[in-house]
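Colleague: I would like to see how this sequence folds:
(one chain, ligands or ions: 1)
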Amino acid sequence: MKSILVTGANGQLGKEIQNIASDINNFNFIFSDVNSLDITNEAELSLFFEKNSIDYIINCAAYTAVDKAESEKELCNKINSIAVKNLVSFAQEYNINFITISTDYVFDGTNHKPYTENDKTSPNSIYGASKLTGESEALKYEKTIIIRTSWLYSHYGANFIKTMLSLSETRNELNVIFDQIGTPTYAADLAEAIIEIIRYSENNEFAAGIYNYSNEGVTSWYDFAKTIFRITNTNCKVLPIETKDYPTPAARPHYSVLNKSKIKNTFNLFIPYWEDSLAECLKEHRKK
Ligand SMILES: NC(=O)c1ccc[n+]([C@@H]2O[C@H](COP(=O)([O-])OP(=O)(O)OC[C@H]3O[C@@H](n4cnc5c(N)ncnc54)[C@H](OP(=O)(O)O)[C@@H]3O)[C@@H](O)[C@H]2O)c1
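Modeller: Below is the predicted model of the structure:
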(Lines give C-alpha, C1' and ligand atoms only; values in the text may rest on other atoms or scores of the structure.)
Protein backbone atom coordinates (compact mmCIF):
# COMPACT_ATOMS: atom_id res chain seq x y z
CA MET A 1 0.00 0.00 0.00
CA LYS A 2 1.29 3.47 -0.90
CA SER A 3 1.86 6.01 1.88
CA ILE A 4 0.94 9.68 1.71
CA LEU A 5 2.33 12.22 4.15
CA VAL A 6 0.10 15.27 4.62
CA THR A 7 1.86 18.16 6.34
CA GLY A 8 -0.05 21.06 7.93
CA ALA A 9 -2.96 18.64 8.24
CA ASN A 10 -4.88 20.74 10.76
CA GLY A 11 -5.28 23.65 8.35
CA GLN A 12 -8.25 24.15 6.01
CA LEU A 13 -6.98 21.98 3.16
CA GLY A 14 -5.38 19.39 5.43
CA LYS A 15 -8.65 18.92 7.33
CA GLU A 16 -10.57 18.44 4.08
CA ILE A 17 -8.09 15.75 3.03
CA GLN A 18 -8.55 14.11 6.45
CA ASN A 19 -12.31 14.22 5.86
CA ILE A 20 -12.16 12.12 2.68
CA ALA A 21 -9.21 9.88 3.61
CA SER A 22 -11.31 7.14 5.21
CA ASP A 23 -13.20 6.65 1.92
CA ILE A 24 -9.98 6.19 -0.05
CA ASN A 25 -8.69 2.65 -0.46
CA ASN A 26 -5.14 1.64 -1.36
CA PHE A 27 -3.46 4.56 0.40
CA ASN A 28 -2.13 4.87 3.90
CA PHE A 29 -2.30 8.49 5.11
CA ILE A 30 -0.01 10.01 7.70
CA PHE A 31 -1.41 13.32 8.89
CA SER A 32 0.98 15.67 10.64
CA ASP A 33 0.95 19.24 11.82
CA VAL A 34 3.45 21.59 13.37
CA ASN A 35 3.24 19.78 16.74
CA SER A 36 4.03 16.37 15.32
CA LEU A 37 6.19 17.34 12.31
CA ASP A 38 7.52 20.87 12.07
CA ILE A 39 8.57 21.31 8.43
CA THR A 40 11.08 23.99 9.42
CA ASN A 41 12.92 21.49 11.64
CA GLU A 42 15.42 19.53 9.56
CA ALA A 43 16.33 17.12 12.35
CA GLU A 44 12.67 16.22 12.89
CA LEU A 45 12.16 15.71 9.16
CA SER A 46 15.28 13.59 8.91
CA LEU A 47 14.11 11.29 11.71
CA PHE A 48 10.63 11.10 10.22
CA PHE A 49 11.81 10.06 6.75
CA GLU A 50 14.28 7.56 8.22
CA LYS A 51 11.46 5.86 10.10
CA ASN A 52 8.64 6.09 7.54
CA SER A 53 8.50 4.93 3.96
CA ILE A 54 6.59 7.62 2.03
CA ASP A 55 5.48 7.64 -1.61
CA TYR A 56 3.79 11.05 -1.79
CA ILE A 57 4.04 14.26 0.22
CA ILE A 58 1.10 16.67 0.10
CA ASN A 59 2.48 19.85 1.62
CA CYS A 60 -0.47 21.77 3.10
CA ALA A 61 1.69 23.45 5.74
CA ALA A 62 2.12 27.16 5.21
CA TYR A 63 2.29 30.58 6.75
CA THR A 64 -0.99 32.08 5.49
CA ALA A 65 -1.46 35.30 7.49
CA VAL A 66 -1.11 37.58 4.45
CA ASP A 67 -1.21 40.92 6.32
CA LYS A 68 0.80 39.80 9.34
CA ALA A 69 3.51 38.55 6.98
CA GLU A 70 4.39 42.18 6.16
CA SER A 71 5.82 42.45 9.70
CA GLU A 72 6.87 38.78 10.07
CA LYS A 73 8.90 38.37 6.90
CA GLU A 74 11.47 36.04 8.42
CA LEU A 75 8.95 33.58 9.84
CA CYS A 76 6.88 33.70 6.66
CA ASN A 77 9.93 32.89 4.52
CA LYS A 78 11.05 30.20 6.91
CA ILE A 79 7.77 28.28 6.50
CA ASN A 80 6.87 29.09 2.88
CA SER A 81 10.34 29.02 1.29
CA ILE A 82 13.07 27.47 3.45
CA ALA A 83 10.89 24.63 4.77
CA VAL A 84 9.80 23.78 1.20
CA LYS A 85 13.49 23.51 0.30
CA ASN A 86 13.97 21.16 3.29
CA LEU A 87 11.03 18.98 2.30
CA VAL A 88 12.17 18.83 -1.30
CA SER A 89 15.64 17.68 -0.30
CA PHE A 90 14.13 14.75 1.61
CA ALA A 91 11.71 14.02 -1.22
CA GLN A 92 14.71 13.82 -3.55
CA GLU A 93 16.73 11.66 -1.18
CA TYR A 94 13.88 9.17 -0.71
CA ASN A 95 12.44 9.41 -4.26
CA ILE A 96 9.06 10.74 -3.09
CA ASN A 97 6.53 12.49 -5.35
CA PHE A 98 6.10 16.01 -4.00
CA ILE A 99 2.85 18.00 -4.20
CA THR A 100 2.79 21.49 -2.75
CA ILE A 101 0.28 24.34 -2.76
CA SER A 102 0.89 27.89 -3.94
CA THR A 103 -1.23 30.95 -4.50
CA ASP A 104 -2.72 33.44 -6.97
CA TYR A 105 -0.84 36.09 -4.95
CA VAL A 106 2.31 35.26 -6.95
CA PHE A 107 0.70 37.51 -9.61
CA ASP A 108 0.47 41.30 -9.46
CA GLY A 109 -3.09 41.34 -10.82
CA THR A 110 -2.54 43.50 -13.90
CA ASN A 111 -3.85 40.84 -16.31
CA HIS A 112 -7.21 41.26 -18.01
CA LYS A 113 -7.69 37.60 -18.79
CA PRO A 114 -7.33 34.53 -16.58
CA TYR A 115 -3.74 33.76 -15.57
CA THR A 116 -2.15 30.68 -17.10
CA GLU A 117 0.71 28.83 -15.47
CA ASN A 118 3.14 30.52 -17.87
CA ASP A 119 2.14 34.09 -17.14
CA LYS A 120 4.70 36.37 -15.57
CA THR A 121 4.78 36.28 -11.77
CA SER A 122 5.35 39.46 -9.78
CA PRO A 123 4.02 39.28 -6.22
CA ASN A 124 2.71 42.39 -4.45
CA SER A 125 3.28 41.11 -0.92
CA ILE A 126 5.79 39.39 1.38
CA TYR A 127 3.46 36.37 1.52
CA GLY A 128 3.22 36.17 -2.29
CA ALA A 129 6.99 36.52 -2.64
CA SER A 130 7.62 33.81 -0.02
CA LYS A 131 5.31 31.41 -1.88
CA LEU A 132 7.03 32.20 -5.18
CA THR A 133 10.46 31.45 -3.69
CA GLY A 134 8.96 28.23 -2.31
CA GLU A 135 7.82 27.39 -5.86
CA SER A 136 11.34 27.92 -7.24
CA GLU A 137 12.79 25.66 -4.56
CA ALA A 138 10.19 22.97 -5.28
CA LEU A 139 10.76 23.13 -9.04
CA LYS A 140 14.44 22.20 -8.59
CA TYR A 141 13.14 18.65 -7.97
CA GLU A 142 11.80 16.92 -11.08
CA LYS A 143 9.03 15.09 -9.18
CA THR A 144 7.18 18.20 -8.05
CA ILE A 145 3.61 19.28 -8.71
CA ILE A 146 2.73 22.82 -7.64
CA ILE A 147 -0.95 23.71 -7.42
CA ARG A 148 -1.70 27.42 -7.36
CA THR A 149 -5.06 28.11 -5.77
CA SER A 150 -7.03 31.20 -4.77
CA TRP A 151 -9.46 32.48 -2.10
CA LEU A 152 -9.51 29.16 -0.23
CA TYR A 153 -12.35 28.51 2.21
CA SER A 154 -13.90 25.63 4.12
CA HIS A 155 -15.82 25.25 7.34
CA TYR A 156 -12.50 24.81 9.14
CA GLY A 157 -10.13 27.52 10.33
CA ALA A 158 -10.42 31.20 9.56
CA ASN A 159 -11.69 32.38 6.18
CA PHE A 160 -13.87 34.94 4.43
CA ILE A 161 -17.15 33.03 4.85
CA LYS A 162 -16.72 32.67 8.58
CA THR A 163 -15.69 36.31 8.92
CA MET A 164 -18.77 37.51 6.99
CA LEU A 165 -21.19 35.28 8.93
CA SER A 166 -19.70 36.24 12.25
CA LEU A 167 -19.75 40.00 11.45
CA SER A 168 -23.38 39.71 10.34
CA GLU A 169 -24.33 38.64 13.86
CA THR A 170 -23.54 42.09 15.22
CA ARG A 171 -23.93 44.35 12.16
CA ASN A 172 -26.77 45.15 9.77
CA GLU A 173 -24.46 46.52 7.10
CA LEU A 174 -20.98 45.61 5.84
CA ASN A 175 -18.60 47.34 3.44
CA VAL A 176 -16.90 44.84 1.14
CA ILE A 177 -14.34 45.41 -1.63
CA PHE A 178 -15.71 45.09 -5.17
CA ASP A 179 -12.56 45.88 -7.16
CA GLN A 180 -10.65 42.68 -6.42
CA ILE A 181 -11.73 40.01 -8.86
CA GLY A 182 -10.94 36.33 -8.53
CA THR A 183 -12.47 32.92 -7.87
CA PRO A 184 -13.12 31.25 -4.53
CA THR A 185 -11.95 27.68 -3.97
CA TYR A 186 -13.76 25.24 -1.71
CA ALA A 187 -10.95 23.34 0.04
CA ALA A 188 -13.02 20.13 -0.15
CA ASP A 189 -12.96 20.36 -3.98
CA LEU A 190 -9.21 20.96 -3.99
CA ALA A 191 -8.71 18.01 -1.64
CA GLU A 192 -10.65 15.76 -4.07
CA ALA A 193 -8.62 17.11 -7.00
CA ILE A 194 -5.32 16.32 -5.26
CA ILE A 195 -6.45 12.75 -4.58
CA GLU A 196 -7.50 12.43 -8.23
CA ILE A 197 -4.03 13.62 -9.26
CA ILE A 198 -2.44 10.96 -7.06
CA ARG A 199 -4.75 8.28 -8.47
CA TYR A 200 -3.84 9.41 -12.00
CA SER A 201 -0.14 9.28 -11.08
CA GLU A 202 -0.48 5.67 -9.95
CA ASN A 203 -1.62 4.65 -13.44
CA ASN A 204 0.34 7.15 -15.53
CA GLU A 205 3.50 9.19 -15.22
CA PHE A 206 3.79 11.74 -12.42
CA ALA A 207 2.94 14.82 -14.49
CA ALA A 208 5.29 17.27 -12.76
CA GLY A 209 4.85 21.03 -13.19
CA ILE A 210 2.73 23.99 -12.13
CA TYR A 211 -1.08 23.82 -12.27
CA ASN A 212 -3.82 26.30 -11.43
CA TYR A 213 -6.86 25.23 -9.45
CA SER A 214 -9.85 27.20 -8.18
CA ASN A 215 -13.57 26.68 -8.64
CA GLU A 216 -15.09 27.73 -11.97
CA GLY A 217 -16.41 31.25 -12.58
CA VAL A 218 -15.43 34.74 -11.57
CA THR A 219 -16.53 37.05 -8.75
CA SER A 220 -15.52 39.91 -6.45
CA TRP A 221 -15.32 39.85 -2.64
CA TYR A 222 -18.48 42.02 -2.67
CA ASP A 223 -20.43 39.51 -4.78
CA PHE A 224 -18.98 36.66 -2.72
CA ALA A 225 -20.36 38.27 0.48
CA LYS A 226 -23.75 38.96 -1.15
CA THR A 227 -23.97 35.32 -2.25
CA ILE A 228 -23.07 34.01 1.22
CA PHE A 229 -25.89 36.08 2.75
CA ARG A 230 -28.35 35.13 0.01
CA ILE A 231 -27.72 31.40 0.43
CA THR A 232 -27.91 31.58 4.24
CA ASN A 233 -30.89 33.99 4.28
CA THR A 234 -28.84 36.36 6.39
CA ASN A 235 -30.31 39.78 6.81
CA CYS A 236 -27.21 41.95 6.34
CA LYS A 237 -26.76 44.65 3.72
CA VAL A 238 -23.52 44.58 1.72
CA LEU A 239 -22.11 47.83 0.35
CA PRO A 240 -19.43 47.85 -2.36
CA ILE A 241 -16.23 49.77 -1.56
CA GLU A 242 -12.92 50.25 -3.34
CA THR A 243 -9.64 48.69 -2.18
CA LYS A 244 -8.28 52.19 -1.48
CA ASP A 245 -11.04 52.65 1.10
CA TYR A 246 -10.02 49.50 2.97
CA PRO A 247 -6.25 49.81 3.45
CA THR A 248 -4.44 46.64 4.53
CA PRO A 249 -0.72 46.07 5.32
CA ALA A 250 -0.36 43.71 2.31
CA ALA A 251 -1.39 44.69 -1.21
CA ARG A 252 -3.52 42.15 -3.08
CA PRO A 253 -3.86 41.65 -6.84
CA HIS A 254 -6.88 43.45 -8.33
CA TYR A 255 -7.42 40.55 -10.71
CA SER A 256 -6.29 36.99 -10.08
CA VAL A 257 -8.67 34.69 -11.94
CA LEU A 258 -6.85 31.45 -12.77
CA ASN A 259 -7.11 29.57 -16.06
CA LYS A 260 -7.68 25.91 -15.16
CA SER A 261 -7.40 24.35 -18.63
CA LYS A 262 -4.08 22.63 -17.93
CA ILE A 263 -5.15 20.81 -14.75
CA LYS A 264 -8.51 19.82 -16.28
CA ASN A 265 -6.97 18.48 -19.48
CA THR A 266 -4.03 16.71 -17.86
CA PHE A 267 -5.92 14.91 -15.11
CA ASN A 268 -9.39 14.84 -16.67
CA LEU A 269 -10.86 16.77 -13.74
CA PHE A 270 -14.34 18.21 -13.41
CA ILE A 271 -14.29 21.48 -11.46
CA PRO A 272 -17.53 22.68 -9.83
CA TYR A 273 -18.88 26.23 -10.28
CA TRP A 274 -18.01 28.44 -7.32
CA GLU A 275 -21.61 29.18 -6.25
CA ASP A 276 -22.50 25.47 -6.23
CA SER A 277 -19.49 24.67 -4.06
CA LEU A 278 -20.25 27.59 -1.77
CA ALA A 279 -23.80 26.27 -1.27
CA GLU A 280 -22.34 22.85 -0.52
CA CYS A 281 -19.94 24.24 2.06
CA LEU A 282 -22.65 26.33 3.72
CA LYS A 283 -24.84 23.23 3.96
CA GLU A 284 -22.00 21.45 5.81
CA HIS A 285 -21.45 24.56 7.91
CA ARG A 286 -25.08 24.59 9.09
CA LYS A 287 -24.81 20.92 10.14
CA LYS A 288 -21.98 21.77 12.58
N1 LIG B 1 -6.20 30.43 2.58
C2 LIG B 1 -6.22 30.95 1.36
O3 LIG B 1 -7.04 31.81 1.02
C4 LIG B 1 -5.22 30.49 0.33
C5 LIG B 1 -5.25 31.06 -0.93
C6 LIG B 1 -4.33 30.63 -1.89
C7 LIG B 1 -3.41 29.64 -1.56
N8 LIG B 1 -3.40 29.12 -0.31
C9 LIG B 1 -2.39 28.09 -0.01
O10 LIG B 1 -3.09 26.86 0.21
C11 LIG B 1 -2.39 26.06 1.17
C12 LIG B 1 -3.36 25.63 2.25
O13 LIG B 1 -3.90 26.79 2.86
P14 LIG B 1 -4.84 26.71 4.14
O15 LIG B 1 -5.82 27.83 4.04
O16 LIG B 1 -5.33 25.31 4.32
O17 LIG B 1 -3.79 27.07 5.28
P18 LIG B 1 -4.01 27.06 6.85
O19 LIG B 1 -5.43 26.79 7.18
O20 LIG B 1 -3.35 28.30 7.38
O21 LIG B 1 -3.17 25.79 7.28
C22 LIG B 1 -1.78 25.76 7.27
C23 LIG B 1 -1.36 24.75 8.30
O24 LIG B 1 0.06 24.69 8.31
C25 LIG B 1 0.47 24.60 9.67
N26 LIG B 1 1.84 25.00 9.84
C27 LIG B 1 2.35 26.25 10.00
N28 LIG B 1 3.68 26.19 10.19
C29 LIG B 1 4.01 24.88 10.13
C30 LIG B 1 5.23 24.18 10.27
N31 LIG B 1 6.37 24.82 10.51
N32 LIG B 1 5.23 22.84 10.16
C33 LIG B 1 4.08 22.17 9.95
N34 LIG B 1 2.88 22.77 9.82
C35 LIG B 1 2.86 24.12 9.92
C36 LIG B 1 -0.50 25.53 10.37
O37 LIG B 1 -0.47 25.31 11.77
P38 LIG B 1 -0.81 26.55 12.75
O39 LIG B 1 -2.21 26.98 12.41
O40 LIG B 1 -0.64 25.96 14.10
O41 LIG B 1 0.20 27.62 12.40
C42 LIG B 1 -1.81 25.12 9.72
O43 LIG B 1 -2.38 24.00 10.36
C44 LIG B 1 -1.23 26.92 1.65
O45 LIG B 1 -0.07 26.57 0.92
C46 LIG B 1 -1.63 28.33 1.27
O47 LIG B 1 -0.51 29.17 1.07
C48 LIG B 1 -4.28 29.51 0.65
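Colleague: Which one of the residues in the stretch 151-288 of the chain is closest to the ligand?
Modeller: Relative to the ligand, the nearest point of the stretch 151-288 of the chain is L152 (3.5 Å; C-beta to the nearest ligand atom). In short, each C-beta sits where N, CA and C put it, glycine included.
Colleague: Relative to the helix or strand encompassing S102, what are the paired strands and their orientations?
Modeller: Following DSSP states H and E, one finds S102 within strand 97-103. The pairing partners recorded for strand 97-103 under DSSP bridges are strand 56-59 (parallel), strand 144-149 (parallel).
Colleague: Quick check on T7: phi, psi?
Modeller: Backbone torsions of T7, given as degrees, to the nearest 10, read phi -90, psi 160.
Colleague: Pop out the phi and psi values for T219.
Modeller: Dihedral angles of T219 (phi, psi; degrees, to the nearest 10) stand at phi -160, psi -180.
Colleague: In stretch 180-194, which residues are buried?
Modeller: Within stretch 180-194, the residues that count as buried by 16 or more other C-beta atoms under 10 Å are 180-194.
Colleague: Sitting in strands, which of these do you find?
Modeller: Judged by DSSP state E, the buried residues of stretch 180-194 include I181, G182, T185, Y186 as members of strands.
Colleague: ok but I4 is inside a strand, no?
Modeller: Yes - counting by DSSP: H, G, I helix; E, B strand; the rest coil, I4 is found in a strand.
Colleague: ok, it touching N26?
Modeller: No - assessed by C-beta atoms under 8 Å, I4 is found out of contact with N26, at 10.4 Å.
Colleague: Looking at those two, which has the bigger crowd around it?
Modeller: Between I4 and N26, counted using other C-beta atoms under 10 Å, the more crowded position is I4 (23 against 9).
Colleague: quick one: contacts for the more buried one?
Modeller: F27, N28, F29, I30, I54, D55, Y56, I57, I58, I198 (C-beta atoms under 8 Å, 6 or more residues apart in numbering).
Colleague: so the closest residue to the last one other than its chain neighbours bridges to which residues?
Modeller: Beyond its immediate neighbours in the sequence, the residue positioned closest to I198 (C-beta to C-beta, 6 or more residues apart in numbering) is Y56, lying 5.8 Å away. Taking DSSP bridges, one obtains I4, N97 as the residues bridged to Y56.
Colleague: Y56: how many residues sit nearby?
Modeller: Using other C-beta under 10 Å, Y56 is surrounded by 24 other residues.
Colleague: list the contacts for I177?
Modeller: S220, W221, Y222, P240, I241, E242, T243, Y246.
Colleague: Look up the pLDDT of it for me, please.
Modeller: pLDDT recorded at I177 is 98.
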